[in-house]
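**Student:** sequence first, then the predicted structure, then my questions.
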Amino acid sequence: DAGVTQSPTHLIKTRGQQVTLRCSPISGHKSVSWYQQVLGQGPQFIFQYYEKEERGRGNFPDRFSARQFPNYSSELNVNALLLGDSALYLCASIHLRGPMNTEAFFGQGTRLTVV
Amino acid sequence: KNQVEQSPQSLIILEGKNCTLQCNYTVSPFSNLRWYKQDTGRGPVSLTIMTFSENTKSNGRYTATLDADTKQSSLHITASQLSDSASYICVVSEGSWGKLQFGAGTQVVVTP
């Protein structure tokens, strides 16, 4: 959706390398979530951050880490890349309107290919 | 076990025909349910969003229904067009923080 910016759009890495993916949420949104989507499957939850604090973590190894900055942008880091890390990585900008009232908008994703 | 199940996994329909996609969920506590359209290699784009109290919502040729009692939702596409070919993903928002639970998606192919 418009307003959520992810970079880079594509990149190729070799096994064992490290990668950093970036996401800028919609202005005013204080929460960001990261998802991994392997070709042909639905997105899998990796992390959620709100106000720079981790609010949720999916079932991913410690090679995956993330952080959120004071301007609410976020980075996802993956160390020691494996071939199986090849996927589309999606960032969601989440607007917490109130208890049980949220809205999510997605960036276009970063296509990571590990060779 | 996935908390959001979609069916069918894929379907092929003729241009101009209608189709209905299904979504069953077990997510709790439930915040809202969304249907997204995702073109290959692109980010999902929201079609509809429904809260607990809403039964139906339309967006052009897309109509979503929600039965919160049975935890079922459907997305009906009317008069399909070639541009409707995409993956349609049911997403349920869990709890106060909006953690999103995704279905695996239904791959729709519209043929001339």
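**Tutor:** Great, that's in hand.

**Student:** closest residue of chain A to chain B?
**Tutor:** Nearest residue of chain A to chain B: A:Thr102, at 3.1 Å (Cβ to the nearest Cβ). Where you see a C-beta, it was placed from the backbone N, CA and C, and this is true even at glycine.

**Student:** quick one: residues contacting that residue.
**Tutor:** Taking Cβ atoms under 8 Å, 6 or more residues apart in numbering or on different chains, we find A:Thr102 in contact with A:Ile94, A:His95, A:Leu96, B:Ser31, B:Asn32, B:Ser93, B:Trp97, B:Gly98.

**Student:** from those residues, which land in strands?
**Tutor:** Under the assignment DSSP state E, the contacts of A:Thr102 contribute A:Ile94, A:His95, A:Leu96, B:Ser31, B:Asn32, B:Ser93 to strands.

**Student:** write down the beta-bridge partners of the residue of chain A closest to chain B, one by one.
**Tutor:** On the basis of DSSP bridges, A:Thr102 takes part in beta bridges with A:Leu96.

**Student:** sorry, back to before: adding distance to A:Gly16, pLDDT and neighbour count, write the ones in strands among the contacts of A:Thr102 out as a markdown table.
**Tutor:** What follows is those, written out as a markdown table (distance: Cβ to Cβ, whole Å; pLDDT from 0 to 100; neighbours: other Cβ atoms under 10 Å in any protein chain shown):
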| residue | distance to A:Gly16 | pLDDT | neighbour count |
| --- | --- | --- | --- |
| A:Ile94 | 33 | 88 | 25 |
| A:His95 | 38 | 84 | 16 |
| A:Leu96 | 38 | 77 | 17 |
| B:Ser31 | 40 | 80 | 20 |
| B:Asn32 | 41 | 87 | 20 |
| B:Ser93 | 37 | 86 | 25 |
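
**Student:** list the buried residues in stretch B:11-31.
**Tutor:** By neighbour count on 16 or more other Cβ atoms under 10 Å in any protein chain shown, the buried set for stretch B:11-31 is B:Ile13, B:Cys19, B:Leu21, B:Cys23, B:Asn24, B:Tyr25, B:Val27, B:Phe30, B:Ser31.
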